[in-house]
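>>> sequence isn't available, so here's the structure alone:
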């Protein structure tokens, strides 16, 4: 799952389409992301490889659009509406996800067992 | 007088031609200077008066005198002084923190949207940065307005310079004479001028003009100065006698001024003394004085028809002037006043003004005569004998109702002068029913009248005698002031109004009245325009910087005072449209320009601090942000836009799941741990919401980093303290943002401040910030030593000799930090704080200190894993028990182990890790003990009242230790984790 620059990426990917929820002026996807090339990847509890600077789904709001669409915590986001997310900063990812003029976000994600991830992160500590 | 005419007429004509050439040259320069001085000019009302007096002066000397007198006591000077003083009265609320310890955690999805927020702020900051130079330039013109010393000084300086050029010798003197500058001086000048060649006369006039302006600002002093400079030749002797009349008063003024405007006062005094002019008081001199003194009515700049300003401006006027004038000199002088305002710096201009002088304003003179009716004799006598009589107080007050406007204005001006720094006269004016009359004059259509009336009210309203303030309020003076503020565009009048309001605002019962009548007006008329903030900024236009005008300073000072008047006042200010926006803009401008040590910035920060107090309780819709856990539920989105925070939208439980906390039950406690997911806004925040946006953190931190002003530092720390209090979403954001913005080191650094109040505010802020678990760990690691070093050791206070409140605040902060954190408790021991704590506990004279220290000690002892080390250091249980209350055991005898507790402590994490991470203790159980924030709040609020009792101690008897420890253990896992992570940058997590 981890992305290593210069190396081909092999992963099982899933397409997820999330329809943003409009809350006043805000469009809500209902999940949170962590990671990015500007972040400390060693603190990412979801990645196998602690050098993975990809964007991960860290939290899902209950009943939110993301959960409805089937997104899971720990998913690694590979693309957003066709934009590569494996080599972007945290903020770039956030911006791609939160564009005001897009009501629908199509994600390409890879997934590992959430429990597995949690266990790993726990063991680390 | 007559003598003058003869020589003057001839000489003037001759000189005119000669100077014609000069004039043209100077004209250009004058234009420039006019611009510079434009502000000042507006204020310089005196000149016009003088002109009037001058014109008539020839014939009506007595009248002129009277007028002169009035002016001498020119209110303007006094006013400025008075204003300066006022700041002292400013009352501030030190609002403090509050927190609900009980439910610290849960919710908030914390995480960082560092990127977003941070960047935004940064950009702002960069924009802000602009050249300071512009500012200084502006200030110069402002100077005349006066209040601020520097301002005042600067203008004077300029004046002097010009003077020097002409009359090198006099230059210095100018300033000084002002105070004394009474009629006599002017007289001297006249005589001199006459004596001199026509040229000299012109110059003299010119000088007057220039000084005239100054005079307005500074009142009598400036005038005096003018005179002297002019007549370097003149022997001082003449002046002094005359001076003696007025001098006493002026001196007072200076003295007053001295506080605020030290530079000016000192200089002026010296000048007067220094310049001994041989001049003898000549009869003519007197006349001159009148002119200058003359009715200061219209503002020169306004060019009121009466004074035929046009004439003034026209240089050629000189020629004209001769014919016009009966007593040319007189007029000349009069003109000068007006002209002076314009050209203070340009001596040459004088020539030009003569013409204007020519215009006789009889009105004023006439009025004088009439007024003089009674006095005329005195006036005459004055001429003959410089020691003429001043009108007594009842007479002056009666003159306020005189049908002739110049009389009114002169009477008001005189009153202002009399009241300066003289509480007795203020009281007398009140008892003679003078205040309602003055208030009535505020609505007078003539600028000269309402300006002088306002000046008198400003001085009267200054001081500790609140009866004067009440008297102004009782006759509807506050609405009248506000009306005038709306109506006038005269800077000087606005300064006087806002200065008066500032004075009034120092009295508690009037605060709400001011808010009711004037809040929106002051905001719209002063705060917003001067802050540079624009309601709907034009995309193309650059953001404007704040202008630190006197008006802005006064108004912000007034609002600063009223903002401390309780919850309702805060609500009104918060909801005042544009106020918070403008204040914030002004402060950001100050930060950008690195100009944040001035009074206006201080005022603004204090307002922000006060408005931030209890913001989590008082802001509309605050309940929706209250406890994150309560926010759960997708639909819960608040009415507010900001509401978008995760917790609010999606339920707090989820929010707790963070990088590190996942899977841990304890995670709940630590939800604040990592980072907050700051809400994304689609539209810009405005109004009171700006108060608690995480963006303000950077602003306050910039102030804390850059400002040298203790009051500003205290207020900025207090603002963070207020914002980080309480358990609502925004305080969570604030606490996390302070950490992300690297604010903790800044605050810790300020613990070393020499200012007691800064240390106190910072200490309390740190306590509130430590509600955030991660902050607590960091603060425990890095701030403990500085906190402890501020504690008194034994009976000797540290060098700082901090006040009781501060010591108690520090102790409470320490308590908060070590609560639920054995790591931090260990740090405390390592910092060798036990010695100090035990000493305070046993020997402090302050019950509050004793209590607070006892509380800390109990908490320390509650960590069983520390006891070993403590015992090795020679401590035993009795040291940690409350001496007074809790411990029945009288064994206080234990020797404090001064040996140090340097022994290696147990590994911090040992105990913690041992505890099962799984133990989750509901936050509620931790309750007050854990966070004891509630107590702290109470305490904090008590700080103000100064009777803070440490609730904490009472709450926790040692007996509870067992329970407590239990909790603590459960928490430990998190603690240790935190420690491990602290070093690393926190992972960012953003809701989308």
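Arrived safely. Bear in mind that the values here come from a model prediction, so they are computed numbers and not experimental data.
>>> burial count for the residue of chain A found nearest chain B?
Among residues of chain A, the one nearest chain B by C-beta to the nearest C-beta turns out to be residue A:61. It sits 2.7 Å away. From N, CA and C alone the C-beta is placed, and that goes for glycine too. Neighbour count for residue A:61, taken as other C-beta atoms under 10 Å in any protein chain shown: 26.
>>> same check, this time on residue B:471
The criterion is other C-beta under 10 Å. On that basis, residue B:471 has 24 neighbouring residues.
>>> ok, it touching residue B:433?
No - the pair residue B:471 and residue B:433 does not pass the contact test of C-beta atoms under 8 Å, sitting 9.1 Å apart.
>>> point out where the chain drops to low pLDDT.
Picked chain A for this. Applying pLDDT under 70 to chain A picks out residues A:1-12, A:112-125.
>>> hmm, I had chain B in mind actually
Counting by pLDDT under 70, chain B shows low-confidence ranges at B:1-21, B:23-387, B:537-541, B:626-683, B:794-801, B:883-987.
>>> ok, 50 please
Applying pLDDT under 50 to chain B flags the ranges B:1-5, B:39, B:41-383, B:629-675, B:885-984.
>>> and chain A, which residues reach chain B?
Within chain A, the residues that sit near chain B (C-beta under 8 Å from any C-beta of the partner chain) are A:21, A:23-26, A:28-36, A:39-40, A:42-45, A:58-64, A:73, A:89-91, A:94, A:97-98, A:100, A:118-119, A:121-122, A:125.
>>> and the residues you listed, which of them are buried?
The neighbour-count criterion (16 or more other C-beta atoms under 10 Å in any protein chain shown) marks A:21, A:23, A:26, A:28-36, A:39-40, A:43-45, A:58-61, A:63-64, A:73, A:89-91, A:94, A:97-98, A:118, A:121 among the residues of chain A next to chain B as buried.
>>> inside strands: which ones of those?
A:21, A:23, A:26, A:28, A:31-35, A:58-60 (DSSP state E).
>>> figure out the helix or strand that residue B:439 lives in.
helix B:434-441 (DSSP states H and E).
>>> which secondary structure elements does that helix sit against?
With contacts defined as 3 or more C-beta pairs under 8 Å, 6 or more residues apart in numbering or on different chains; DSSP states H and E, helix B:434-441 has these neighbours: helix B:405-419, helix B:447-461, helix B:466-474, helix B:477-487.
>>> before we move on, the earlier item: can you put the ones in strands among the buried ones among the residues of chain A next to chain B in CSV and add distance to residue B:857?
Shown next, in CSV, are those (distance: C-beta to C-beta, whole Å):
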residue, distance to residue B:857
A:21, 53
A:23, 50
A:26, 50
A:28, 49
A:31, 47
A:32, 42
A:33, 46
A:34, 42
A:35, 45
A:58, 41
A:59, 41
A:60, 46
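>>> pretty sure residue B:861 is touching residue B:868, no?
No - proximity of residue B:861 to residue B:868 does not meet the contact threshold set by C-beta under 8 Å, at 12.0 Å.
>>> tell me which of the two has more neighbours.
Taking residue B:861 and residue B:868 together and counting by other C-beta under 10 Å, residue B:861 has the greater number of neighbours (21 against 12).
>>> separation between that one and residue B:818?
The spacing between residue B:861 and residue B:818, counted by C-beta to C-beta, to the nearest Å, is 11 Å.
>>> buried set for the helix or strand where residue B:747 lies?
Residue B:747 is located in helix B:743-750, with elements delineated by DSSP H and E. For helix B:743-750, the buried set under the neighbour-count rule, 16+ other C-beta under 10 Å, comprises B:743-744, B:746-748, B:750.
>>> helices of chain A, residue ranges please.
Counting by DSSP state H, chain A has helices at residues A:65-69, A:90-97, A:114-124.
>>> try the stretch 451-600 of chain B
Under the criterion DSSP state H, counting those that start in this stretch, helices of the stretch 451-600 of chain B are mapped to B:466-474, B:477-487, B:491-504, B:508-522, B:528-531, B:550-562, B:566-575, B:579-592, B:599-612.
>>> redo those helices as a markdown table? Include distance to chain A.
A markdown table is the format used below for these (distance: least, C-beta to the nearest C-beta, whole Å):
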| stretch | distance to chain A |
| --- | --- |
| helix B:466-474 | 44 |
| helix B:477-487 | 36 |
| helix B:491-504 | 38 |
| helix B:508-522 | 28 |
| helix B:528-531 | 26 |
| helix B:550-562 | 31 |
| helix B:566-575 | 21 |
| helix B:579-592 | 19 |
| helix B:599-612 | 25 |
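>>> residue B:854 is nearest to which of these?
helix B:599-612 (31.0 Å; C-beta to C-beta).
>>> identify the residue nearest residue B:710 in space, chain neighbours excluded?
In space, and not counting its chain neighbours, residue B:710 is closest to residue B:755: 4.1 Å by C-beta to C-beta, 6 or more residues apart in numbering or on different chains.
>>> quick one: that neighbour from residue B:744, how far?
For residue B:755, the distance to residue B:744 under the criterion C-beta to C-beta works out to 19 Å.
>>> thanks again, I'm all set now.
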